[in-house]
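Engineer: Quick one: sequence and predicted model below, then my questions.
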Amino acid sequence: MKKVVLVSLLFSSFVGSQAYAYYPVEAEELTALYHRIEHGEVNSAVRELEALSDTDVYNADVWSLLGYAKRKSGDLIGSESAYKQALRLEPNHKAALSYQGELFIRQGKRAQAQENLRQLQLLCKQQAEQECKELHALDTALKR
């Protein structure tokens, strides 16, 4: 009987409108991690985000921020992998597209960064210009 209940619980965590592995990460937690990265606590943020990506495997925000943190730490391969996972989960994830575009610039792949910019332009078309910070960040990075 215990096996049936356990299997049922595990299965139900992967089915439904939002499939979270065990514990969904709150936006406030990610915001705090972003600020830690910006204040130089990159390595500890990477470790924490890696742990979060293990517990909330379907959260594109976690993967996107992990990619950002890994890029800031110099781990470009890990960064690329995390952005790809974020975009697999949510193909129109604006932060992941912008951050991945900045990674492409760093890798000398300007054409791919331009493609991300075009995708962001389409996504942001409906928003007021000042509301699409991801578009502006990548556009600014491309102009440098």
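Structural biologist: Ah, there it is. Numbering: from 1, shown residues only.
Engineer: ok, the spatially most central residue of the chain to residue 143 distance?
Structural biologist: Within the chain, the residue whose C-alpha comes closest to the C-alpha centroid is residue 64; the distance, by Cα atoms, centre = their mean, is 1.1 Å. Distance of residue 64 to residue 143, computed by Cβ to Cβ, to the nearest Å: 23 Å. Placement of C-beta: from N, CA and C, glycine included.
Engineer: and what of residue 134?
Structural biologist: Computed as Cβ to Cβ, the residue 134 to residue 143 distance reads 15 Å.
Engineer: Show me which of the two is the more surrounded one.
Structural biologist: Just comparing residue 134 and residue 143: by other Cβ atoms under 10 Å the higher neighbour count belongs to residue 134, 21 against 6.
Engineer: Pretty sure the more buried one sits against residue 120.
Structural biologist: Yes - using Cβ atoms under 8 Å, residue 134 is in contact with residue 120, at 5.8 Å.
Engineer: which neighbours do the two share?
Structural biologist: Jointly contacting residue 134 and residue 120 under the rule Cβ atoms under 8 Å, 6 or more residues apart in numbering are 94, 97, 98.
Engineer: filter these to the buried ones?
Structural biologist: For these, a burial check counting by 16 or more other Cβ atoms under 10 Å picks out 94, 97, 98.
Engineer: and the second one, what is it in contact with?
Structural biologist: Spelled out, that is residue 97. By Cβ under 8 Å, 6+ apart, the residues touching residue 97 are 87, 116, 119, 120, 123, 134, 138.
Engineer: of those, the lowest pLDDT goes to which?
Structural biologist: Lowest-confidence member of these: residue 123, scoring 92 (pLDDT).
Engineer: helix/strand/coil for it?
Structural biologist: Assigned by DSSP: H, G, I helix; E, B strand; the rest coil, the conformation of residue 123 is helix.
Engineer: Name the SS class of residue 57, please.
Structural biologist: Look at residue 57: counting by three-state DSSP, its state is coil.
Engineer: With residue 40 instead?
Structural biologist: Three-state assignment for residue 40 (three-state DSSP): coil.
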